[in-house]
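Visitor: how would this look folded up:
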Amino acid sequence: QVQLVESGGGLVQAGGSLRLSCAASGRTFSGYGMGWFRRLRGKDRDFVAGISRTGRTTGYADSVKGRFIISRDNAKNTVYLQMNSLKPEDTAGYYCAATAQYYSDSEQTYTYWGQGTQVTVSS
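Guide: Coordinates of the predicted model:
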């Protein structure tokens, strides 16, 4: 079992920045690929970013490429999502997820999920 707890969400003006954190506990964190997803109200969760077990490889949705940065600190059992140049369309619930497989952009790959943290970007 892996427990994931997100933090760092909030209200920010367009153009601003936020850093989300996802703290993991349970099994060895470095054994899991990690992903960030977001859910807009009433819609499915969409892939935002993913990172490999070592952190050497990352991937991003086109909508956030160049603005968001995913990283991880295996010593602290934490994955981060630095969000810059935020837009109102980034408003969503953000979820981190863990997979024993290589990270992917598919929800089905991930076994463990956090409870989510809300990000609201005002125009």
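
Visitor: ok, the most centrally placed residue in the chain to Gly15 distance?
Guide: Central residue of the chain (Cα atoms, centre = their mean): Trp36, 2.4 Å from the mean position. The spacing between Trp36 and Gly15, counted by Cβ to Cβ, to the nearest Å, is 21 Å. Heads up, the C-betas are built off the backbone N, CA and C, glycines and all.

Visitor: same check, this time on Trp113
Guide: Using Cβ to Cβ, we find Trp113 at a distance of 30 Å from Gly15.

Visitor: of those two, who's got more company?
Guide: Neighbours per residue (other Cβ atoms under 10 Å) separate Trp113 from Gly15, with Trp113 holding more: 17 against 11.

Visitor: and Gly8, how many neighbours does it have?
Guide: Counted by other Cβ under 10 Å, the residues lying close to Gly8 total 16.

Visitor: ugh, wrong one, Gln118
Guide: Residues within reach of Gln118, counting by other Cβ under 10 Å, total 12.

Visitor: now the strands for the protein?
Guide: Along the chain, the segments classed as strands by DSSP state E run 2-7, 10-13, 18-26, 33-39, 45-51, 58-60, 68-73, 78-83, 92-99, 112-113, 117-122.
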